Structure formats: C-alpha cells, structure tokens
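Q: Would you be able to build a 3D model of this:
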Amino acid sequence: MRRTLSKSRLAAFRQCPKRLWLQAFRRDLAVIDPGAQARFDAGHRVGEIARALRPGGTLVGHVDDPGRALQDTRELLADSGDRLLFEPALKAGGVLVRADVLERRDGRCRLVEVKSSTSVKPPHLEDVAIQSWVIRGSGLALESATLAHVDSTFVYPGNGDYEGLFVEADVTEDVRPILEQVPHWVSEAQRMLGGGMPVRDIGAHCAQPYDCEFFAWCSRHEPEYPVSILPRGGALAADLRAEGLRDLREVPEA
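A: Modelled structure (predicted):
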C-alpha cells in the first residue's frame, strides 16, 4: 500500500531507512529525550515569532487533520489574489508538506522556511527542496525559496519586540540541483516501506543530522564497546562489522 509521506519522514529516510520504517510501523518503540523535546519547543516558538513579524497572514490549522488542512489551503488559494499563508498544506507525488510561510504576489509564490538555528545547513536545503518539489507539483508557480534563520547578533530589547531576529537567505539556486533527487527519494522510501524492516547497525548516522528516537531500541543488543565508537572511524567500523566483529575487544591486535 502506498503511504503518504511528509517532509519529516523523508528526512528520516535520508538519515536512516530503518528510522522511517520504525516511524511508520513501530512508533511505540520511540523514546523522545528531553533535549530533543526542548529543541522542538524552541522551533515551535521561533515559528510563532516569525508569523507575528508578518502581519496580515492566515494560519491554516488542523494540525491533526491533514485532509481538512488541504481543503482549507485549496480554498484560500482558489482565487488569483495575493495571499500570505502560514502552515498551508500542499500535496503532490504522495508527499504532504506544511510550509512555514507561503507568500503569493502577482501570481508568483515565495516559500519561507523558518529555522531556529543560526546558519543555513545542508539538511535545511533538503527540507526546502522537498517543499519546493511539492509546491510546484501541486500546480503553484514557485519563484523563490528563502530560509529564515536566527541572527546570532540579535539582542532582545524586551517588550515582545523581535524585529531583526531573523536573517533571510535566498536559497533558490542552492536548492535547484537537489530538486531532481526528491522523486528518487520518494520512490525509494515507498519501496522500502513495502517490505520488512531494513537491517542497519548503529553508527554515526544515529545522531547525524538529528538524534534518532529509536536509538535505545536499536542499541539494546550492542556490546559495551561497539566498533561504532571509533572516532572518525565509520568506514573502518563498517569493515569490522562485515568481518563479524562487533565488539572492539574482539578485534585482533594485528
């Protein structure tokens, strides 16, 4: 059965196919640590501030009801007038996304992805690429894509004044070469979800670019000193595992 994917699930697949499979079929095994929850809360707060700095926009609700969110978005975009939408729901190619900010002026759209980090990072560009692919696939004319991140030099003056908190970086050209990869990610993710749980040992990918919520479950049978703890030794650890060596104490001195 073909499943609807989201931006976050495609990101999980990019990090580790096993993570996406567990999200889809064994969510009960997830453990959300306080640090991850704090980062999620911070991102949510930053998103609220970004909306407040853009008066006159419409927030599309229904966080837990994608169908209604899609319907509301379609209705808001039905006429040809200018629009400023927060969290609009768009779907194409079996992928559903909720854009942080979608602005339409004179028939052309601009996507703004808001991040709580202080710089543009490679995973952010993949996020924007996935959203751009879906937006275009849904029939909208996407002219540009921007990533709004926190300005590390910002000093909060108080009284709820966050003007100047964000730096907006135009990433339209940075995202362009990634766009053609998105449909391949989608088809590979769908194919993987049609089978059993992928086999993948723990390693550096478990925390890069994000901490995996299934790490505790995946590592439950790991030895006390797994070969994966070798610093900068990802390739070597893979070779050792291929030889059947999982514990550093089992590795011959030679």
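
Q: I'd like to know which elements the strand or helix carrying Gly67 is packed against.
A: Element membership for Gly67, per DSSP states H and E: helix 66-76. Helices and strands touching helix 66-76, by 3 or more CB pairs under 8 Å, 6 or more residues apart in numbering; DSSP states H and E, are strand 83-86, strand 89-92, strand 95-98. Placement of C-beta: from N, CA and C, glycine included.

Q: where exactly do the helices run in the stretch 51-200 of the chain?
A: For the stretch 51-200 of the chain, helices defined by DSSP state H, counting those that start in this stretch occupy the ranges 66-76, 122-137, 172-179, 182-193.

Q: winner for burial among those?
A: Counting by mean count of other CB atoms under 10 Å, helix 122-137 has the highest mean neighbour count of these, with a mean of 21.

Q: Give the burial count for Tyr225, as a bare number.
A: By the measure other CB atoms under 10 Å, the count of residues near Tyr225 is 14.

Q: meant to ask about Phe25
A: As a burial measure, Phe25 scores 12 neighbours (other CB under 10 Å).

Q: where's it relative to Lys18, distance?
A: Separation of Phe25 from Lys18 (CB to CB, to the nearest Å): 11 Å.

Q: who touches both of those two?
A: Residues touching both Phe25 and Lys18 (CB atoms under 8 Å, 6 or more residues apart in numbering) are Met197.

Q: mean confidence score for stretch 11-27?
A: In this model, stretch 11-27 has a mean pLDDT of 97.

Q: Flag every buried residue along it.
A: 11-24 (16 or more other CB atoms under 10 Å).

Q: Mind jotting down where the strands sit in this structure?
A: Here the chain has its strands, by DSSP state E, at 5-6, 58-59, 83-86, 89-92, 95-98, 101-105, 108-114, 142-150, 166-170.
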